[in-house]
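Any chance you could fold what I've pasted below:
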Amino acid sequence: MIYFETKRLVFRDWDIKDLNEFRKMNKDTKVMEYFTKTLTDLETDRFYNIIQDEFKNYGYGLYAVETKHNNDFIGFIGFHWANFKSQFTPCIEIGWRLKQEAWGYGYATEGAKACLNYGFDTLGFNKVYSFTSKINIPSENVMKKVGMVKVLEFEHPNIIENDPLRKHILYTIDSINAM
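Numbering: from 1, shown residues only. Coordinates of the predicted model:
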């Protein structure tokens, strides 16, 4: 099923044929630079199943994204139910992960804007959050470009102490302030 489109991107259900590209993407050290590790095939398969479950349970999730010009799977952009222990959770998080080959074209920003519009206009969200490690400047820039506002910094409870990725930033946007 196609959920929505932009000028250059299609946001759709995942297909089992996406799994090999998803595995490759999650093994790429550059793509996973701001995560604690790359993922094995088994870990990616588990993540894929979590994504499928969230669509079933919540009616939204991390959409498979492909480019219109060649129908290539380039990664995901969408929503996740974040429920780790924190002062702002549980919450609806917007996130993205794209293959290196898709970097530098503005796809993350274009896709995140479209997702936010879909979330507010179609899914009826009131507020959406996004967070990443403080050193992940590229993702923080996307958050800023889509109109999100930084609200705090926090220590991610699922990342060990003294890990440079533990310090996180939290951004949010609500339906009233959405672009």
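
Taking the centroid of this structure, which residue is nearest it?
Gly95 (1.8 Å; C-alpha atoms, centre = their mean).

now the strands for this structure?
Ranges of strands in the chain, per DSSP state E, are 2-5, 9-12, 62-67, 73-82, 91-98, 127-133, 149-155, 167-174.

What is the fifth one packed up against?
Contact partners of strand 91-98 among helices and strands, from 3 or more C-beta pairs under 8 Å, 6 or more residues apart in numbering; DSSP states H and E: helix 19-27, strand 73-82, helix 107-121, strand 127-133. Backbone N, C-alpha and C define where each C-beta goes, glycine included.

would you list those in TSV and tack on distance to Tyr3, mean neighbour count and mean pLDDT?
Formatted as TSV, the helices and strands packed on strand 91-98 follow (distance: least, C-beta to C-beta, whole Å; neighbours: other C-beta atoms under 10 Å; pLDDT from 0 to 100):
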stretch	distance to Tyr3	mean neighbour count	mean pLDDT
helix 19-27	18	17	98
strand 73-82	9	22	97
helix 107-121	7	21	97
strand 127-133	16	22	98
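
Between the strands of the chain, which one is closest to Val142.
For the strands of the chain, proximity to Val142 was assessed by C-beta to C-beta; strand 91-98 is nearest, at 7.0 Å.

Distance from the chain centre to that closest one, please.
Chain-centre distance of strand 91-98: 3 Å, with C-alpha atoms, centre = their mean, to the nearest Å.

Name the residues that touch that strand?
Contact with strand 91-98 is made by 25-26, 31, 60, 62, 65, 74-82, 107-108, 111-112, 115-116, 119, 125, 127-131, 139, 142, as judged by C-beta atoms under 8 Å, 6 or more residues apart in numbering.

what's the angle from that strand to strand 62-67?
Angle of strand 91-98 versus strand 62-67, following axes from the mean of the first three to the mean of the last three C-alpha atoms, to 10 degrees, is 30 degrees.

pLDDT of strand 91-98, averaged?
The pLDDT scores in strand 91-98 average 98.

tell me which residues of it are tucked away?
Under the neighbour-count criterion of 16 or more other C-beta atoms under 10 Å, strand 91-98 has Cys91, Ile92, Glu93, Ile94, Gly95, Trp96, Arg97, Leu98 buried.

What separation do you get for the first one and Met148?
Spatial separation of Cys91 from Met148 under the definition C-beta to C-beta, to the nearest Å is 13 Å.

what's the spacing between Leu152 and Asn141?
Going from Leu152 to Asn141 by C-beta to C-beta gives 18 Å.

oh sorry, the question was meant for Asp72
Per C-beta to C-beta, Asp72 is found 24 Å from Asn141.

got it, and Arg46?
As for Arg46, its distance to Asn141 is 30 Å (criterion: C-beta to C-beta).
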